[in-house]
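>>> sequence? don't have it. structure:
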């Protein structure tokens, strides 16, 4: 499957004129994009083809499709390098071309202000934050950081984000380096906890995320094996549970 990227000048033109063009970000087709860029075709052909990709749009609540679509996007585009997957022109390109209809569906219940359009269709924050705020790039990066080919279901650890994907994904993935071993280690602890029939509440997962951040300030996390990180995170989980139980008894 061939996909597009936005040419640099076209991307800058569209970003500079979001206020003027904001009314078009509910249009059923992307025909207006060509009219907004009068200097020719705003798109270029991405040099690498991807597997056929059809995004899931069957839910009445579009936000509930992120979990499934993260798996689909990463599977179809797994061969991208991290450099390619960090290029704003790629994600802005397919958002304005092949996946325009999906983007309109995904944000059909959201206000399309100039600020939100810039975040969803382009990169509007720092590079790392933008990767997890942009509607399409965060699907790829979530898949990239949880994918474990040693599991029967390589996306098994993604299940933590099955509900409230956007609410959880940005603060969680923003906290770590692009090392999948670190991400998988903490998600393994989450999964083991929930496999016991318990709920990994927000205070718990936020507390563990902060712990791993603090650990990274004291040690080079990349020097630990995944199993060593799991052991440390499990130890912190037990401490947090004891603290919560103590507070409840008081």
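Noted; the coordinates are in hand. Since this is a predicted model, take the numbers as computed values, not measurements.
>>> Can you pull up the most central residue in this structure?
Per Cα atoms, centre = their mean, the C-alpha nearest to the average position across the chain is that of residue 138, at 2.0 Å.
>>> you'd agree it is up against residue 168?
No - in this structure residue 138 lies outside contact range of residue 168 using Cβ atoms under 8 Å: 11.1 Å. All C-beta spots, glycine's among them, are computed from the backbone N, C-alpha and C.
>>> what is in contact with these two at once?
By Cβ atoms under 8 Å, 6 or more residues apart in numbering, residue 138 and residue 168 have no common neighbours.
>>> So residue 194: helix, strand or coil?
helix (DSSP: H, G, I helix; E, B strand; the rest coil).
>>> Could you find the closest non-adjacent residue to it?
Nearest residue to residue 194, sequence neighbours excluded (Cβ to Cβ, 6 or more residues apart in numbering): residue 200, at 5.5 Å.
>>> what about the one you found, which SS state?
In three-state terms, and counting by three-state DSSP, residue 200 is coil.
>>> neighbours around it, how many?
17 (other Cβ atoms under 10 Å).
>>> residues in contact with it?
Residue 200 is in contact with 160, 190, 193-194, counting by Cβ under 8 Å, 6+ apart.
>>> Narrow these to those that are buried.
160, 190, 193 (16 or more other Cβ atoms under 10 Å).
>>> Please tabulate the residues you listed in TSV, including the columns distance to residue 14.
Below are the buried ones among the contacts of residue 200 laid out as TSV (distance: Cβ to Cβ, whole Å):
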residue	distance to residue 14
160	35
190	39
193	44
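>>> and which of these is nearest to residue 47?
Minimum distance to residue 47 across those is 34.4 Å, recorded for residue 160 (Cβ to Cβ).
>>> quick revisit: check what pLDDT the residue nearest to the centre of the chain gets.
Here, the pLDDT recorded for residue 138 equals 96.
>>> Once you drop chain neighbours, what's closest to it?
residue 132 (4.5 Å).
>>> can you check residue 28 too?
That would be residue 104: by Cβ to Cβ, 6+ apart, it lies 7.0 Å from residue 28.
>>> Is it correct that the one you found is in contact with residue 30?
No - using Cβ under 8 Å, residue 104 makes no contact with residue 30, being 9.3 Å away.
>>> From residue 208, how far out is residue 71?
For residue 71, the distance to residue 208 equals 24 Å [Cβ to Cβ, to the nearest Å].
>>> farthest-separated two in the contacts of residue 200?
Pairwise over the contacts of residue 200, using Cβ to Cβ, the maximum falls at 160 and 193, 10.1 Å.
>>> Check which helices and strands the longest helix along the chain sits against.
For the chain, the longest helix by residue count, based on DSSP state H, is helix 226-249. With contacts taken as 3 or more Cβ pairs under 8 Å, 6 or more residues apart in numbering; DSSP states H and E, helix 226-249 sits against helix 180-195, helix 202-218.
>>> Report the buried residues of it.
226, 229-230, 232-234, 236-237.
>>> And for stretch 37-53?
So for stretch 37-53, counting by 16+ other Cβ under 10 Å, buried means 37, 42-43, 46, 50, 53.
>>> With stretch 197-212 instead?
Applying 16+ other Cβ under 10 Å to stretch 197-212 flags 200, 204-205, 207-209, 211-212 as buried.
>>> gap between it and the chain center?
19 Å (Cα atoms, centre = their mean, to the nearest Å).
>>> and it, what's its mean pLDDT?
Rounded mean pLDDT across stretch 197-212 is 92.
>>> ok, now stretch 100-117?
For stretch 100-117, the per-residue pLDDT averages 95.
>>> Helix, strand or coil: sort out the closest residue to residue 122 other than its chain neighbours for me.
Distances taken as Cβ to Cβ, 6+ apart place residue 92 nearest to residue 122, at 5.1 Å, with adjacent residues excluded. Here residue 92 is helix, with the state taken from three-state DSSP.
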